[in-house]
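Chemist: following is a predicted model, sequence given first.
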Amino acid sequence: MLLLSFKEFVFPQNPHTYQEKSFREPHFHTESGTTYYDGMGQMQRIISGSGTFCGEDAYAQFKQLQLLMENGEPGNLEHPIWGIRKCYLTKLEMTQEARENVVSYSFEFTQIEANGTVPR
């Protein structure tokens, strides 16, 4: 089975959930007290999900992902079906009860343009 990866980190098992939300927001400007529609903004994509790291290295696996978050640099998020998305890791949350060798987590990635900018 192919696994989800971000940069050099390969998830030891695929997350339980994976969601891609694509959207555009309308843009407006105001002149002399009148608001005008400027059209739709660029397509934006937020990728989120949740999963569990299990085993003796569960906490180490989470810490590896946390270091990538702290680094703040974008990288390739590669999904075995949906392909490669260049993204920032914008949210990482540990969502667990205290359990030995188990770390539940959720994540959020924001896709960026080829030039490295976040769509608006």
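Modeler: Cool, the structure landed. Numbers count the residues shown, from 1 in each chain.
Chemist: before we move on, what SS does Gln61 have?
Modeler: helix (DSSP: H, G, I helix; E, B strand; the rest coil).
Chemist: gap between it and Asp38?
Modeler: 45 Å (C-beta to C-beta, to the nearest Å). All C-beta atoms are positioned from the backbone trio N, CA, C, and that covers glycine.
Chemist: ok, the two, which is more surrounded?
Modeler: Gln61 (19 against 10; other C-beta atoms under 10 Å).
Chemist: who does Ser48 bridge with?
Modeler: Gln19, Glu108 (DSSP bridges).
Chemist: number of residues surrounding Pro26?
Modeler: So Pro26, with other C-beta under 10 Å, has 9 neighbours.
Chemist: centroid-nearest residue for the chain?
Modeler: Geometric centre of the chain, nearest residue: Phe109, 1.4 Å, by C-alpha atoms, centre = their mean.
Chemist: contacting residues for that residue?
Modeler: The contact partners of Phe109, taken as C-beta atoms under 8 Å, 6 or more residues apart in numbering, are 6, 46-48, 77, 85, 87-90.
Chemist: if we use 10 Å, what do you get?
Modeler: By C-beta atoms under 10 Å, 6 or more residues apart in numbering, the contact list for Phe109 reads 6, 20, 45-49, 74-75, 77, 85-92.
Chemist: likewise Gly116?
Modeler: 73-74, 86, 88.
Chemist: and for Glu56?
Modeler: Glu56 makes contact with 100-101, according to C-beta under 10 Å, 6+ apart.
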